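Asks: build me a model:
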Amino acid sequence: MSTMLADHTTLGLGGPAKAFLTAHSTDELVRLVTEADRTGERVLVLGGGSNLVVADDGFPGTVILVDSKGVTSTEAGADPKTGEEVVLLRVDAGVEWDPLVARTVEEGLNGIEFLSGIPGRVGSTPIQNVGAYGQDVSQTIREVLVLDRATGELVTMSNADCGFTYRDSAFKGHDRYVVCEVVFEMRRGPLSRPVRYAEVARAMGVDAGKRVPLAQAREVVLRLRRGKGMVIDASDPDTRSAGSFFTNPILSPREYADFRARAVERLGPDAEIPGHPDEAGNVKLSAAWLIDRAGFTKGYGGGPARISGKHTLALTNPGGATTADLLDLAREVRAGVEKAFGVRLVNEPVMVGVGL
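Replies: So this is what the prediction gives:
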């Protein structure tokens, strides 16, 4: 009997795999991928399935589920700036992400606490440069152990080698590298990293830049995510998604000026129009704001797929949808935003056998 990939994605979508194998260790992951490459078999390396949109036809090759569980820690001296003890965590790609975050909080290690509640496994985090609430994994990743499928060798890539940018990396968009292990550089201490996100600061009643108890940081982030349907809950169809479906657009100053002119024309001169300057001199927009102001409000959807009732960035399968249904909705939203504001949204999830 074929393994349905719908059973292994948070969207609950995806057809059958030609073959389905499980890797329980780094050595086994390397062996399985190498053997498949040697025979010319197509390979899909699968983690938690939380950032995948898989074709209804499935995958015509071998799917390898990464289920390695190793976590080791090494003391690495003191941070000269803060005096906090540096702890290196070497984590296998198959480790579930949120339980790892919970463990670091319980052990008094700061660095990934604002990434609480994100589904998936560790191996996907450097690929997407996973981030939320002012924190992303590139801030703590020291190095990544990968299988280079072009050479068949295990290679250690430094943070700089990984090419991290906003929701992107040297690993995304091609399958040359298989992430096997990730080393996180944590700090031992009772307080979080500085609060960078205004919504989190407001929820905690502190000013941006302050540090708060680790447990409080995790608790508040989980509460905020649950309110947006961004924590997996089998009883809540709004959580049957791939998280944020579109990335926040980043515009040059000229592009932002053009966008702002269109937004004023559409919404009026008194409208609050978002724009967050970054260090490169560009401006980041809110994809959720664009979607909502283009007329796609929470719960929108004329077919089996719909926008979450809690957050406009999540496209959901409340039950009975197909991948084709979901992509039809995504294309409708993308076209509507582009028509309204001249900004073209880009999907965040990885597409397998399909595209926008």
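Asks: rest of the way, CA atoms for contacts and neighbours
Replies: Noted.
Asks: and the closest residue to Arg240 other than its chain neighbours, which of the three is it?
Replies: Closest residue in space to Arg240, ignoring its immediate chain neighbours: Leu11 at 4.8 Å, by Cα to Cα, 6 or more residues apart in numbering. When classified by DSSP: H, G, I helix; E, B strand; the rest coil, Leu11 comes out as coil.
Asks: does Leu11 touch Asp238 like I think?
Replies: No: using Cα atoms under 8 Å, Leu11 makes no contact with Asp238, being 10.0 Å away.
Asks: tell me which of those two has more neighbours.
Replies: Leu11 (30 against 27; other Cα atoms under 10 Å).
Asks: so what touches stretch 148-158?
Replies: Where contact means Cα atoms under 8 Å, 6 or more residues apart in numbering, the residues beyond stretch 148-158 that reach it are 34, 37, 142-147, 176-178.
Asks: what are the buried residues along it?
Replies: Buried residues in stretch 148-158, counted by 16 or more other Cα atoms under 10 Å: 148-149, 152, 154, 156.
Asks: so which of the residues you listed sit within strands?
Replies: Using DSSP state E, 148, 154, 156 are the members of these that sit in strands.
Asks: show me the contacts for Lys187.
Replies: No Lys there; residue 187 is Arg. Counted by Cα under 8 Å, 6+ apart, Arg187 has contacts 79, 84-87, 109-111.
Asks: about what we covered before: which residues are in contact with each of Leu11 and Asp238?
Replies: With Cα under 8 Å, 6+ apart, Leu11 and Asp238 have common neighbours 316-317.
Asks: what number of residues lie near Leu147?
Replies: With other Cα under 10 Å as criterion, Leu147 counts 23.
Asks: identify the bridge partners of it.
Replies: Leu154, Val178 (DSSP bridges).
Asks: just to check, it is in contact with Val178?
Replies: Yes: using Cα under 8 Å, Leu147 is in contact with Val178, at 5.0 Å.
Asks: Thr22 bridge partners, please.
Replies: When assigned by DSSP bridges, Thr22 has beta-bridge partners Leu65.
Asks: can you give me the strands for the stretch 201-350 of the chain?
Replies: Along the stretch 201-350 of the chain, counting by DSSP state E, counting those that start in this stretch, strands occupy 250-251, 276-277, 283-284, 306-307, 315-316, 350-352.
Asks: from the chain's centre, how far out does stretch 120-136 sit?
Replies: Stretch 120-136 has its average C-alpha position 5 Å from the chain's average C-alpha position, going by Cα atoms, centre = their mean, to the nearest Å.
Asks: and that stretch, end to end?
Replies: 15 Å (Cα to Cα, to the nearest Å).
Asks: residues touching Ser25, list them.
Replies: Applying Cα under 8 Å, 6+ apart to Ser25 gives the contacts 66-70, 92.
Asks: so what are the sheet partners of the lowest-mean-pLDDT helix or strand in the chain and their directions?
Replies: When each helix and strand of the chain is scored by mean pLDDT, DSSP states H and E, strand 276-277 comes last, with a mean of 88. Strand pairing for strand 276-277, using DSSP bridges, gives strand 283-284 (antiparallel).
Asks: so, low pLDDT: which residues of this protein?
Replies: 1 (pLDDT under 70).
Asks: what residue is smack in the middle of it?
Replies: Centroid-nearest residue in the chain, with Cα atoms, centre = their mean: Val130, separated by 4.3 Å.
Asks: roughly how far does it sit from Thr322?
Replies: For Val130, the distance to Thr322 - Cα to Cα - is 26 Å.
Asks: before we move on, the earlier item: list the contacts for the residue nearest to the centre of the chain?
Replies: Residues in contact with Val130, defined by Cα under 8 Å, 6+ apart, are 124, 136-137, 167.
Asks: around the residue lying closest to Gly353 once chain neighbours are set aside, how many other residues sit close by?
Replies: Nearest non-adjacent residue to Gly353, counting by Cα to Cα, 6+ apart: Ala55, 5.2 Å away. Residues near Ala55, counting by other Cα under 10 Å, number 22.
Asks: related to what we said a few turns ago, who wins for neighbours among the contacts of Val130?
Replies: In terms of neighbours by other Cα under 10 Å, the contacts of Val130 top out with Ser124 at 26 neighbours.
Asks: pretty sure it sits in a helix.
Replies: Yes: assessed by three-state DSSP, Ser124 belongs to a helix.
Asks: hmm, Gly49 and it touching each other?
Replies: No: under the criterion of Cα under 8 Å, Ser124 makes no contact with Gly49, lying 9.3 Å away.
Asks: give me the number of residues near Glu75?
Replies: Counted with other Cα under 10 Å, residues neighbouring Glu75 total 13.
Asks: list the contacts of it.
Replies: Contacts of Glu75 (Cα under 8 Å, 6+ apart): 85-88.
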